[in-house]
Structure formats: C-alpha cells, structure tokens
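Q: predicted coordinates and the sequence they were generated for:
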Amino acid sequence: MKHPVFVILAVLTFLAVPATLFLAQTTIPSITYDAVDFLKAPANLPIGEVAGVATNSAGHLFVYMRTGPFNVTVGTSRTFPHGSSRLLEFDQNGKFVREIGRDIYAFAYAQSVRIDAQNNIWIVDQYSNMAVKFDPEGRVLLTFGRRPETSRVPNVTLAAPAAAAPAVATAPPAAGGAGRGGGAPALPPGGQVGGQVGGQAGGAPRGAAPAAGAARGGGGGGAAAGQPGDSFNRPTDVAWDASGNIFVADGFGNSRILKMDKNGKFLKTFGGRGSEPGQFNMLASIAVDAKGNLYVADKGNNRIQVLDNDGNPKAQFKDVGAPAAICISPGSHQYLYTSNSNDPEDLEHGEIYKMELDGTIVGKFGRAGHLVKEFGSVNSIDCRTENVLYVGELINWRVQKVTLRPK
C-alpha cells in the first residue's frame, strides 16, 4: 500500500498541471437568451449582408453591410468596382439615423466596423484593402492601405472561323472561392486578377503625406513577413489597446497583424501563414483585453490564439469550433464571445460561446438557422454590455439584439 504522503503529493502534482493541457470541456451549459430582429431601416434603404456591427457610447449602432448594385467601370486597361457597400447608423431603438460615407472610395466589400474609445468609427474593407477612420460626425480622419487601381483586362482570344461557338474574354477561375456571403471570392475585383500596385498600409491624416505601413499585398509569405510601404491583402478587422496602439488584422489574403501607434506610425508586423503558435490561417477577427493581450480568431486553424502586445504567443483555445467573429466585453470582469459560425452553404453549427479570458467556457447559445434566435453566418458581434449583444448575420441580412439570461 502506498504511503498517504505519496498519494497526496501525486494529487497535488496532477492539480498543478496547467489547464491548457487537459482535454476540452465535456459539459458546456446552455445560456437562456432572448433575441429580436432589431433594425428599422427605411423602405428605400434595404439591409443587405451585415458584415460588421458596432455600438458607440450612446448606444447607437453602426452597420457596415454589403448591399446595393455592384457597378464595374471597364476601360481599355483597368477596372474600377464601386457602390456595393454602405455604412448606416441607427439609434438605440433600431431607428435609422443617417448614412455615412456614401460612395466613398474605400467602400467595396464590407468586412467589419468598430468604434474606438473616442467614438471614432472605423471600417475595414476586403476588396479595397483599406481601413478607414471617421470622426463621430462622419468625416475621414485617417486611411490605412491603398485601393488597387489597376487590374489586367484579360486578352480576347478570337475563335477560328470553323469553331462551333465564339470564344469570350474570361478571367482566371477563382480557386476555392467562398460561398454566398462567406468571405470574399479568391479573386476580388479591382486588384487580385492582375496583382496589386504598391501602396501604403500605414495611416495618414486626411490631406497629409501617408505614413509607413506594412504587410505585403501578395500571398502568405513567411512568419512576420512585411515591411513599411507594403499593402494589405484582404484585411478583416481592427482593434486598439489602452494606449491607443492600432492593430489591423491583414487576415485573408495575408495572415498577419500590423501594430501601429495612435497616430498611424508603423511599429511592427507579426504572424504569417501556418498552424504553429503565432501563425494564422484565415485570420477572421481580433480583440484586445484591458491588459493589452490580443485574441485572434484563427478560423482556418479552428482555434483562438492569445498573443501579448508584441505578438508573442501565450495560449490557444481549440474547443470552440471555427471562430469567425469575436468580441471582448468591457468592465472589471471581461468576457470573450466567439461565434462558431455556419458556412453560408449549410446550416451546421452556428452557436456562440461565452468564455472567460483564460479559455474556460461559461456557456453557449444559439444554432444555425433563419428564424429569430437562430443565426446565419455570424460575421460580427458587439458586446459593449456583458449580457446584451448585437449580432450581424450575412445570410439572414439582419442584426439581432440578443439578451442573455444567465442563471
């Protein structure tokens, strides 16, 4: 028989093993919740795919959506897509207030909208490869990235006279393109067919010379690839720490994060495509906690990664599916919300998790579907209040106000 002292020591040793080494939680409680289809848009301004939703300190909602006609101007050597994304503001009751930035140069394919501590409005657009900062009145203050100006127009190959059907001009097929609303196709208009021109990822105040930036507009590159003067390639999100440092997720075409100071001066870039700690695959969303740690929705690797303020890996959470949208609540006790969003081609999954910042799952709610209290490809979550969330959906064309009823 083993001596009791050895048994006690063995138990204490087992308990000292970090929780990250244990198996995923086997029992996850369900959270009771209510939901309502929230927006009251005017009849002449229909809601489209809601890519981004965020609230300001007054409780007003800002919705960045994919809607309206998609117009492409074709010349002899360039194409210019425009007019398919719009940014709307609603009051705390869902009533329409105004539209911001109509037909602005950066609006091409909406991806996210965020509101900073000063109530400035930030949008991130995949196709224009840009992030834009507006002041609370809707004036442009700062731009990051540069919209590709030129695309190669494919040559027309004429059919031989005896051919059964005439040949037509075609662009190269999009490999692995996403389904309806589920991210961007592999070859977005206006820059990805013929390659990007060089641009500035760093921010510049309106009317001033652009500051330096980072993250090359090409493929995945190596770990931490990128340098000042490089361009974004399908960016996905933006976040800030308590000092005002700006973090941009250059996430679908590239797989990295840029860090800039509050004035837009480039500081560093980190990441790269892969599955090792600190690498990403389809970096869909980011958030920063009160201590300055970054939480990254590493969707293609089915995990959330936690990094310190300089991009060094700290932890990873692998038991929440493929996270597409994340949010961290404010206050002394912060919570992490993450959506295991369904693919636009099916109705699998769709639940949203509420978590402690150490990865412990508090509970989950929801499933994929079209009814109220169900979710269709959640692309954004606002959690300014711990138990009141605003959830933006792509395939259901709506924002739901979700009220959690924890026990």
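A: Now that the structure is in, tell me what you want to look at.
Q: the residue nearest to Gln92 when sequence neighbours are not counted is in what secondary structure piece?
A: Computed as C-beta to C-beta, 6 or more residues apart in numbering, the closest residue to Gln92 that is not its neighbour in sequence is Gly59, at 3.6 Å. Placement of C-beta: from N, CA and C, glycine included. Per DSSP states H and E: Gly59 is located in neither a helix nor a strand.
Q: separation between Gly59 and Trp240?
A: Relative to Trp240, Gly59 is positioned 20 Å away (C-beta to C-beta, to the nearest Å).
Q: Glu99 now?
A: Counting by C-beta to C-beta, the gap from Glu99 to Trp240 is 25 Å.
Q: ok so, going back, kindly tell me how buried the residue nearest to Gln92 is, as a neighbour count.
A: By other C-beta atoms under 10 Å, 13 other residues sit near Gly59.
Q: same question, the one 4 residues further on
A: Counted with other C-beta under 10 Å, residues neighbouring Val63 total 28.
Q: and if you look at Pro136?
A: 15.
Q: likewise Ala324?
A: 26.
Q: let's see the pLDDT reported for the nearest residue to it once chain neighbours are set aside.
A: Leaving aside its sequence neighbours, Ala324 sits nearest to Ser341 (C-beta to C-beta, 6+ apart; 3.9 Å). pLDDT for Ser341: 94.
Q: Ser341 and Leu347 touch, don't they?
A: No. Counting by C-beta atoms under 8 Å, Ser341 does not reach Leu347; the two are 11.0 Å apart.
Q: neighbour count winner among these two?
A: Ranked by neighbour count (other C-beta under 10 Å), Ser341 and Leu347 place Ser341 first, with 31 against 17.
Q: quick one on the thing from earlier: more neighbours: which of Glu99 and Trp240?
A: Between Glu99 and Trp240, counted using other C-beta under 10 Å, the more crowded position is Trp240 (19 against 13).
Q: I figured the more buried one hits Val248, correct?
A: No. Contact criterion C-beta under 8 Å: Trp240 and Val248 do not qualify, at 10.3 Å.
Q: and for the two, which residues touch both?
A: Listed as contacting both Trp240 and Val248 by C-beta atoms under 8 Å, 6 or more residues apart in numbering is no residue at all.
Q: now Leu294: closest residue in space that isn't a chain neighbour?
A: Excluding the flanking residues, the one nearest Leu294 by C-beta to C-beta, 6+ apart is Leu307, at 4.4 Å.
Q: what about the one you found, how many neighbours?
A: 24.
Q: again, but for Leu142
A: Look at Leu142: counted by other C-beta under 10 Å, it has 24 neighbours.
Q: I'd say it and Val132 touch.
A: Yes. Applying C-beta under 8 Å, one finds Leu142 in contact with Val132, separated by 7.3 Å.
Q: can you map out the strands along the stretch 51-200 of the chain?
A: Assigned strands in the stretch 51-200 of the chain, in chain order: 61-66, 71-74, 79-82, 85-90, 96-100, 110-115, 121-125, 130-134, 140-145 (criterion: DSSP state E, counting those that start in this stretch).
Q: now render those as CSV, adding distance to Val378.
A: Converted to CSV, the strands of the stretch 51-200 of the chain look like this (distance: least, C-beta to C-beta, whole Å):
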stretch, distance to Val378
strand 61-66, 14
strand 71-74, 28
strand 79-82, 26
strand 85-90, 18
strand 96-100, 22
strand 110-115, 12
strand 121-125, 16
strand 130-134, 21
strand 140-145, 25
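Q: by mean pLDDT, show me the worst of the ones you listed.
A: strand 79-82 (a mean of 59).
Q: after the worst-scoring helix or strand of the chain on mean pLDDT comes which helix or strand?
A: Lowest by mean pLDDT, DSSP states H and E among the helices and strands of the chain is helix 4-15, with a mean of 41. Per DSSP H and E, the first helix or strand lying C-terminal to helix 4-15 is strand 32-37.
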